[in-house]
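A.B. asks: Predicted coordinates and the sequence they were generated for:
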Amino acid sequence: MSATGAVEREPAAVAASEAPAGVVTRVIANIRTGNLGIVPIVVGQLFIVVFFGLTATNFFTAVNFGNIIIQMAGTTMLAFGVVFVLLLGEIDLSIGYVAGIGALTVAELQLPGSGHDISGLIGMPIAIAVCALIGLLQGSIVAFVGVPSFVVTLAGFLVWQGVILGRLEVPGSIIIQDRWINYTANYYFSPLAGWLIAASITGLYMLIVLIPLLSAGRRQIDARTRLSTVAKVAGVAIAAFGTVAICNHGVVESRRLGLPLPAVLMVIVLVLLTFLAKRTTFGRHVYAVGGNAEAARRAGINVARIRVIVFMISGATAALGGIILAAFVNSVALTFPPGTLLLNSIAAAVIGGVSLFGGRGEVRGALLGALVIATVANGLDTAGYSDGTIYIVTGLILLFAVTLDTVARRLQVRSGR
Amino acid sequence: MTDTSSPLLELRSLTKTFGSVQALTDVDFEVRRGEVMALVGDNGAGKSTLVKCVAGTHTADSGEIVFEGERVDIHGPKDAARLGIEVVYQDLALCDNLNVVQNMYLGRELNRAFVLNEPAMEKRTAETLKSLAVTTIPSIRRPVATLSGGQRQSVAVAKAVQWNSKLVILDEPTAALGVAQTEQVLALVRRLGEQGLAVIIISHNLHDVFETATRITVLRLGRNVGLFERATTSQQEVVAAITAGVPTKVSGIPATAGATA
């Protein structure tokens, strides 16, 4: 054992001395090949936060920080599903109203005095299943019949909107009284619970990044990997503990807030879907189909099955987002979902670096993109700008992100030849 | 087991029609272990159709496919893969956004407890590439998009070879490559033969064919018009067969090697 340790130390030490140069060449190679990662968006987000922190009063407060988290949660959930759809090079325009169907389903099931006042704990899984079934239906038409996803989901957009309008035409809205449903947007953890959550998120993340490195066995882990692993764990720790620290300081009307539950829900879905995308055969096949569907088919992958499952994921995450959005206002009304939901979700994924051309992007991009959109909207709002300005700025950021993606893609193609 | 005299794959009187078009008429074909067999002919000669019948994309109307001495039916790419037949299509084999390891194991990923076993796949990919002397690839963790055409074709070939395949079919493997890269791929093709695999190479380029093949089968208008030993023939002779060859076989009389003028 001591012998292998000594053998391993030797090359590691050599590699460590080369590490700085290695990192630089890798960064240059990545930029040259259009592989920008999350750097532009993190830099952009920091810039936005500093800008509004200096210009908008009441922006840089603990309470507003918690607000941004709650405001972004619905969009983020939908955007998670959008990532998978975009990875295939498809589009799902129905998610806004599918989210509405999800919210309507939980509202309907908990409706008191209707003979079926089912607890939200049962209602929510049912709503998610219903929306996954909608995804199954739409995905099957795309995958087996070959109708373009744009058309199928545009039809879904109209159909599910019609269903929602039909159901709410008479009552106008359904109030949600079930506390479990409302918790999804309005529950705050106690400060101690918040710290424990931050610690367990950091610990779990450490395990997740360390296990593959350890299972790599006796093969030496180069210094570059080691360095980036440390940086990643540190980044997650700062984000988790920082979020909890700020949230724990929020006080509204002498009531202490804390870490909002939507933050935890977003992290759970992020982890589950990232695992699915990066560590499972299914995820690998999603990337393959998005990269070259013909090659994937010839490799024996059931392309239709992948497509259908992806649309089911899109439906399920839409339901989750819809439930959180409805819980935020404790009701589902005729105006639900907000008109910007669909486009903001797609914009979030794209701003987060997911390519519209398929095959490139990460699940975490949805979270980062939604964070940018929510921060900009919140910042402009607290600074007193109108909705019109918010749309214009969001639109310009989206355009900038897609331009970056297009240029990156061109660079990648050029370096490939 | 390593019997090199009897053919690994033998096609007997294969016929295939598409509507009124006679794509293959009574075609015989064979390839042995450790041999690179070139399949040449003008456009529409039936090369692709023949390969697709072997790969399972098409099913022949009549005729026999004999593999390792036994008659087989190939009804789909999976049947072909089960027998150990792999096809490398030009430009269609790889996903640009995935890296070399991911491409090599595409559709046959190794898992451990429902999680992709990356270290094992990486290790075996490195071994496969090494055994084929593919040394030009800078890193197997790089997306295929960043590789040159020759490197990509090498990866595609290695991918086909690593599944204990017995027969590798290469469809125009050098069509989009420069001179140096072409040499790289042709060297790889020769090595496949030297390692005991049966190789079928389809090419328009007689230079490639004469660089790699041990024997050359010529098709014209869906019929056999010649079977040549590389060592005893010339490019002119093969060109003559491609452009004006006379069918070597009339209603069931078997062809003999090198029978055309």
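C.D. replies: Okay, I see it.
A.B. asks: use CA for all of it now, contacts and neighbours both
C.D. replies: Fine.
A.B. asks: could you point out which element follows whichever strand or helix holds residue B:158?
C.D. replies: Here residue B:158 sits within helix B:149-161, counting by DSSP states H and E. The helix or strand immediately downstream of helix B:149-161 is strand B:167-171, counting by DSSP H and E.
A.B. asks: ok, and what's touching that next one?
C.D. replies: B:51, B:84-90, B:157, B:160-161, B:197-203 (Cα atoms under 8 Å, 6 or more residues apart in numbering or on different chains).
A.B. asks: Which helix or strand lies directly C-terminal to it?
C.D. replies: Next along the chain after strand B:167-171, taking DSSP H and E as the criterion, comes helix B:179-194.
A.B. asks: relative to strand B:167-171, how tilted is whichever helix or strand comes after that next one?
C.D. replies: Next along the chain after helix B:179-194, taking DSSP H and E as the criterion, comes strand B:198-202. Orientation note: strand B:198-202 sits at an angle of 10 degrees relative to strand B:167-171 (axes from the mean of the first three to the mean of the last three Cα atoms, to 10 degrees).
A.B. asks: Which SSE is immediately downstream of strand B:198-202?
C.D. replies: Later in the chain than strand B:198-202, the nearest helix or strand by DSSP H and E is helix B:206-212.
A.B. asks: gap between that next one and the chain center?
C.D. replies: Once both centres are worked out by Cα atoms, centre = their mean, to the nearest Å, helix B:206-212 turns out to sit 14 Å from its chain's centre.
A.B. asks: helices or strands up against that helix?
C.D. replies: Here helix B:206-212 touches helix B:179-194, going by 3 or more Cα pairs under 8 Å, 6 or more residues apart in numbering or on different chains; DSSP states H and E.
A.B. asks: Backbone dihedrals for the residue in the stretch 51-200 of chain B that chain A sits nearest to, both of them.
C.D. replies: Relative to chain A, the nearest point of the stretch 51-200 of chain B is residue B:146 (4.1 Å; Cα to the nearest Cα). Torsion angles at residue B:146 (phi, psi; degrees, to the nearest 10) stand at phi -90, psi 0.
A.B. asks: Around it, how many other residues sit close by?
C.D. replies: Neighbours of residue B:146 under the rule other Cα atoms under 10 Å in any protein chain shown: 20.
A.B. asks: The nearest residue to residue B:160 once chain neighbours are set aside: what secondary structure?
C.D. replies: Leaving aside its sequence neighbours, residue B:160 sits nearest to residue B:86 (Cα to Cα, 6 or more residues apart in numbering or on different chains; 5.5 Å). Here residue B:86 takes the strand state, with states given by DSSP: H, G, I helix; E, B strand; the rest coil.
A.B. asks: Specify the beta-bridge partners of residue B:86.
C.D. replies: Beta bridges link residue B:86 to residue B:168 when assigned by DSSP bridges.
A.B. asks: Touching, it and residue B:159? I think so.
C.D. replies: No: in this structure, residue B:86 is not within contact of residue B:159 by Cα atoms under 8 Å, at 9.1 Å.
A.B. asks: between the two, which one's more packed in?
C.D. replies: For residue B:86 versus residue B:159, neighbours defined as other Cα under 10 Å are more numerous around residue B:86 (27 against 24).
A.B. asks: Distance check, the more buried one against residue B:234.
C.D. replies: As defined by Cα to Cα, to the nearest Å, residue B:86 lies at a distance of 30 Å from residue B:234.
A.B. asks: Repeat that for residue B:219.
C.D. replies: 17 Å.
A.B. asks: Around chain B, which positions in the stretch 151-300 of chain A sit nearby?
C.D. replies: The stretch 151-300 of chain A has residues A:212, A:215-216, A:279-281, A:284-285, A:287-288, A:291-292, A:294-296, A:298-300 near chain B, with proximity defined as Cα under 8 Å from any Cα of the partner chain.
A.B. asks: same thing but at 6 Å, please
C.D. replies: Contact residues (Cα under 6 Å from any Cα of the partner chain) of the stretch 151-300 of chain A with chain B: A:216, A:279, A:280, A:288, A:291, A:292, A:295, A:299, A:300.
A.B. asks: among those residues, which are in strands?
C.D. replies: The strands, defined by DSSP state E, take in nothing from those.
A.B. asks: Who wins on neighbours among the residues you listed?
C.D. replies: When neighbours are counted by other Cα under 10 Å, residue A:288 leads those with 32 neighbours.
A.B. asks: any idea how far residue A:353 is from that residue?
C.D. replies: Note on residue A:288: its distance to residue A:353, by Cα to Cα, is 18 Å.
A.B. asks: ok, now residue A:401?
C.D. replies: Residue A:401 sits 7 Å away from residue A:353, taking Cα to Cα as the criterion.
A.B. asks: Check the burial of the nearest residue to residue B:206 once chain neighbours are set aside by counting its neighbours.
C.D. replies: The shortest distance from residue B:206 to any non-neighbouring residue, by Cα to Cα, 6+ apart, is to residue B:235 (7.1 Å). For residue B:235, the count of nearby residues is 13 (other Cα under 10 Å).
A.B. asks: pLDDT score assigned to the residue nearest the centre of chain B?
C.D. replies: Compute the mean C-alpha point of chain B, and by Cα atoms, centre = their mean the closest residue is residue B:169, 1.3 Å away. pLDDT for residue B:169: 92.
A.B. asks: shaky segments in chain A?
C.D. replies: For chain A, the stretches flagged by pLDDT under 70 are A:1-37, A:212-224, A:409, A:412-417.
A.B. asks: those strands in it, which residues are they?
C.D. replies: Using DSSP E, the strands of chain A run over A:173-175, A:251-252, A:255-256, A:331-333.
A.B. asks: Out of the ones you listed, which gets nearest to residue A:139?
C.D. replies: For the strands of chain A, the distance to residue A:139 is smallest for strand A:331-333, at 26.5 Å, taking Cα to Cα.
A.B. asks: Partner strands of that closest one, with direction?
C.D. replies: Strand pairing for strand A:331-333, using DSSP bridges, gives strand A:173-175 (antiparallel).
A.B. asks: Contacts for the partner strand next, please.
C.D. replies: With Cα atoms under 6 Å, 6 or more residues apart in numbering or on different chains as the test, strand A:173-175 has contacts from A:331, A:332, A:333.
A.B. asks: Apply 7 Å and report the result again.
C.D. replies: For strand A:173-175, the surrounding residues in contact (Cα atoms under 7 Å, 6 or more residues apart in numbering or on different chains) are A:107, A:330, A:331, A:332, A:333, A:334.
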